[in-house]
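Visitor: prediction below, plus the sequence it came from.
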Amino acid sequence: MKIGFVHYSGPPTIGGVEQTLYYHSLALTKLGHFTRLIVGQGQRFDQRIPVNGIPELYSKHPNVLAVKEELDRGQCSTRFDALRATIEAELQKVVEDLDVLIVHNAMTLHKNLPLTSALWNLHTSKRIPPIIGWHHDFAWDREEYQEELKDEFPWDLLRKPWPGAINVVVSAAQRTRLAQLYSLDQAAIHVISPGIDPSVIGNWTDMTRRIVTEYKLLQADAVLLLPARITRRKNIELALQVLAELRSLSSQDVRLIVTGPPGPHNPANAAYLESLLSQRRALELDTYAHFLYELHTQNQHQVDQATMANLYALSDALLFPSLQEGFGIPLLQAGFTRLPIYCSDIEPFHESVEGRAHYFSLQDSPKSVAKTITDTLLTNATFLLRREVRRKYPWETIVSSKMIPMLESVHDG
């Protein structure tokens, strides 16, 4: 599908709409679609995504400001008509090969009414592809704009539904407001929220991106971190048993990440690893218990410090069932990164975090440990919000789950 985005400006201009253009076009391109930005001001940010600049689309272009000054006085002059004609001609040339045109804000906001009027003419005369109006703001719904609006053309274009156009807003609250403004049934208006980029927020390394992609961690319900080498004293077999019980008790997609490779100083660790892999298969955890050494990363399977920091930020809890430790540095790191701690009840772990952890006896059953995690983590409000954001709000998830079906329905008629 060939998709165009129209807005006053695009990246690198800072703004919520510009950010939406950036992530929508990247995600759609990654999924195999062609995207093009048609903006008054902006620069190319990806070689696959052309940016067509039409200076008169920019809301602060001198000609646009001059016309707006007249409009604010209630005058719709020949200057307006000339600017509209210029925009109309330029737009028609750059959108004729597209399947769908997504227009951000220009159909409901008065920052460039010649652009709004040009789009109306092109749309109603069917000289451009089907339009999707992506509405972030409504001039007629904002008290501070009322003095700049008039009950006549061209201001009236901002408060009526355009025939055959699809309408999108970014929240249910906005859907209610637009339905009232347009006198439409709310069911006729799509709600597609903005998103987040976890990799930017978390400052992910390339290795972190690979881990997240390979194991589909953003789709998980919960991620438990066990930052240790694969040695017997780390008691990883108990972690696997707890994971199996936790998945069964909660009926949720809980994952375990074991960060280290087999310990290098004891030949018996190779046999221990084989026993863990056999246990993982027997517990049917092959796709849920992740040993990072299996990714065959560079530098002898070492996870660098920046990636380790990413993993602490990505995970929902620390699971550390060691049989013995000298102190317990991972508990300090978990505390600093606000991770709940579930650890064995051994003296060094009391010393390292002064009792501020969920302790379990090494004689406790895996089911008992799993129940503690279920009761204290999986019902926690902060965890539930985190899970909701992780699973529903990455930009690529929003594009795949909500935007693509809508675009396909428009493209199919």
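Guide: Yep, it's here. Residues are numbered from 1 along each chain as shown.

Visitor: every contact and neighbour count from this point should use C-alpha atoms.
Guide: OK.

Visitor: residues in contact with residue 160?
Guide: By CA atoms under 8 Å, 6 or more residues apart in numbering, residue 160 lies in contact with 181-182.

Visitor: any idea how far residue 308 lies from residue 259?
Guide: Note on residue 308: its distance to residue 259, by CA to CA, to the nearest Å, is 8 Å.

Visitor: what's the answer for residue 36, then?
Guide: 41 Å.

Visitor: between these two, who's got more neighbours?
Guide: residue 36 (23 against 20; other CA atoms under 10 Å).

Visitor: part of a strand, is that one?
Guide: Yes - the assignment for residue 36 (DSSP: H, G, I helix; E, B strand; the rest coil) places it in a strand.

Visitor: quickly list what it is bridged to.
Guide: residue 4 (DSSP bridges).

Visitor: list the contacts for it?
Guide: 2-5, 25, 49-52.

Visitor: can you say which of those residues are buried?
Guide: Taking 16 or more other CA atoms under 10 Å as the criterion, what is buried in the contacts of residue 36 is 2-5, 25, 49-52.

Visitor: need these in TSV (columns: distance to residue 343 and pLDDT).
Guide: Shown next, in TSV, are those (distance: CA to CA, whole Å; pLDDT from 0 to 100):
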residue	distance to residue 343	pLDDT
2	53	97
3	51	98
4	53	98
5	51	98
25	44	98
49	49	98
50	52	97
51	53	97
52	57	97
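
Visitor: just give me the closest of those to residue 250.
Guide: Each of the buried ones among the contacts of residue 36 was checked against residue 250 using CA to CA; the closest is residue 25, at 37.4 Å.

Visitor: any residues touching the helix or strand containing the closest one, and which ones?
Guide: Applying DSSP states H and E as the criterion places residue 25 in helix 16-30. Residues outside helix 16-30 that contact it (CA under 8 Å, 6+ apart): 5, 9-12, 34-37, 48-49, 104, 136, 194, 395-396, 399.

Visitor: so residue 52, which state does it fall into?
Guide: Under three-state DSSP, residue 52 comes out as strand.

Visitor: test my guess that it contacts residue 95.
Guide: No - applying CA atoms under 8 Å as the test, residue 52 and residue 95 come out as separate, 9.8 Å apart.

Visitor: would you agree residue 177 falls within a helix?
Guide: Yes - counting by three-state DSSP, one finds residue 177 located in a helix.

Visitor: now do the contacts for it.
Guide: Going by CA under 8 Å, 6+ apart, residue 177 touches residue 141.

Visitor: repeat the analysis, applying 10 Å as the threshold.
Guide: Neighbouring residues of residue 177 by CA atoms under 10 Å, 6 or more residues apart in numbering: 138, 141, 169, 183, 186.

Visitor: tell me how far it lies from residue 108.
Guide: 12 Å.

Visitor: hey, what's in contact with both of those two?
Guide: By CA under 10 Å, 6+ apart, the residues touching both residue 177 and residue 108 are 138, 141.

Visitor: which one of the contacts of residue 177 is nearest residue 275?
Guide: Lowest distance from residue 275 to the contacts of residue 177 (CA to CA) belongs to residue 169, with 53.4 Å.

Visitor: ok, what's across the strand from that closest one?
Guide: residue 135, residue 191.

Visitor: pretty sure it is touching residue 187, no?
Guide: No - contact status for residue 169 versus residue 187: not in contact, 12.0 Å apart, counting by CA atoms under 10 Å.

Visitor: joint contacts of these two?
Guide: 175-176.

Visitor: which of those two has more neighbours?
Guide: residue 169 (23 against 10).

Visitor: any idea how far residue 102 lies from residue 160?
Guide: Counting by CA to CA, the gap from residue 102 to residue 160 is 18 Å.

Visitor: with residue 68 instead?
Guide: From residue 68 to residue 160 the distance is 21 Å (CA to CA).

Visitor: also residue 228?
Guide: In terms of CA to CA, residue 228 sits 61 Å off from residue 160.

Visitor: cool, and residue 216?
Guide: From residue 216 over to residue 160 the distance is 43 Å, taken as CA to CA.

Visitor: same deal with residue 22?
Guide: Distance from residue 22 to residue 160, by CA to CA: 28 Å.

Visitor: run the chain-centre distance for the host helix or strand of residue 83.
Guide: Assigned by DSSP H and E, residue 83 belongs to helix 78-95. Here helix 78-95 is found 35 Å from its chain centre; the criterion is CA atoms, centre = their mean, to the nearest Å.

Visitor: does residue 163 touch residue 124 like I think?
Guide: Yes - counting by CA under 10 Å, residue 124 is a contact partner of residue 163 at 7.4 Å.

Visitor: who touches residue 6 in this structure?
Guide: By CA under 10 Å, 6+ apart, the residues touching residue 6 are 21, 36-40, 52, 57, 91, 95, 101-106, 133-134.

Visitor: state whether it is indeed within a strand.
Guide: Yes - counting by three-state DSSP, residue 6 falls inside a strand.

Visitor: need the contact list for the residue of the chain most remote from its centre.
Guide: Note on the chain: the largest C-alpha distance from the chain mean falls to residue 78, namely 44.8 Å (CA atoms, centre = their mean). Contacts for residue 78 (CA under 10 Å, 6+ apart) come out as 67, 84.
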